[in-house]
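Participant: Sequence first, predicted model second:
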Amino acid sequence: MNKLIASILCVLLLLPASAAMAGTPTDTVTKTVDGVLALLKDGSLSKHQRRDKMRALINDGFDFRAMSQRTLATNWKKATHEQQDRFVKLFAQLIQNSYVGKIEAYTDETVKYANESVKDKRAVVDTFIVTKTIRIPINYKMVLRGSEWKVYDVVIEEVSMVSSYRSSYRSIVKKEGFDGLFVKMEAKIKQLTAS
């Protein structure tokens with residue numbers, strides 16, 4: 001699987017739902033992708049301006065607190081309120097910086113929308129990235145917050161992004177505590193920001 005392509009689409013669909021004006025989750029995803037592609041093609045923006053706008057879009061459309069709770073799992077309840085808030089802030093920065101650079105390499109892969117399932121305030125939007133040689137399944141788990149759909153997990157080829165982070169962070173917290181985890185997250189954010 002081309003991880004770059006998968007990472008790129010993650011960002012495309014982890015963006016603000018407000019444009020859909022209480023439409024369906026798929027409407028939200030479709031309108032958001034169009035907006036991001038327009039941003040990528042806007043030649044009037046500098047690299048710095050484009051990255052700032054992308055970070056803002058990701059921040060608006062992603063439910064980082066819900067994702068943080070799921071990522072830390074049982075460790076979330078063990079953390080103090082200050083540690084929880086710090087984790088949410090660092091995790092948001094990490095996600096934003098991890099993908100902003102990669103999204104700029106978008107090379108006109110096609111996004112196909114396969115299915116949408118909605119139950120109460122939860123939804124899953126099934127999509128595929130279609131390249132000349134492969135179809136990469138990506139599912140977006142979403143939650144309705146007020147009148148906006150927000151993404152709280154992305155499943156790429158049946159691998160949950162939340163579960164992937166949970167596995168690595170669990171072992172770090174066990175060995176080094178929350179302070180050790182925060183040091184590693186800050187170092188990674190600094191590395192990504194510099195690239």
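Facilitator: Sure, I can see it.
Participant: all strands of this protein, in order?
Facilitator: 110-119, 122-130, 135-145, 148-156, 159-160 (DSSP state E).
Participant: Neighbouring strands - and their directions - for the longest one?
Facilitator: To tie it back to what came earlier, the one meant is strand 135-145. The pairing partners recorded for strand 135-145 under DSSP bridges are strand 122-130 (antiparallel), strand 148-156 (antiparallel).
Participant: hmm, back to that, quick one, which of the strands of the chain is packed in tightest?
Facilitator: strand 148-156 (a mean of 23; mean count of other C-beta atoms under 10 Å). Glycine gets a C-beta too; all of them are placed from N, C-alpha and C.
Participant: for that one, what is the average pLDDT?
Facilitator: Averaging pLDDT along strand 148-156 yields 87.
Participant: now that strand against strand 110-119, angle please.
Facilitator: 120 degrees (axes from the mean of the first three to the mean of the last three C-alpha atoms, to 10 degrees).
Participant: chain center to strand 148-156: distance?
Facilitator: Offset of strand 148-156 from its chain centre (C-alpha atoms, centre = their mean, to the nearest Å): 7 Å.
Participant: how about the closest residue to Arg145 other than its chain neighbours, what does it touch?
Facilitator: Leaving aside its chain neighbours, Arg145 sits nearest to Asp63 (6.5 Å; criterion: C-beta to C-beta, 6 or more residues apart in numbering). Asp63 is in contact with Val143, Arg145, Lys150, Val151, Tyr152, counting by C-beta atoms under 8 Å, 6 or more residues apart in numbering.
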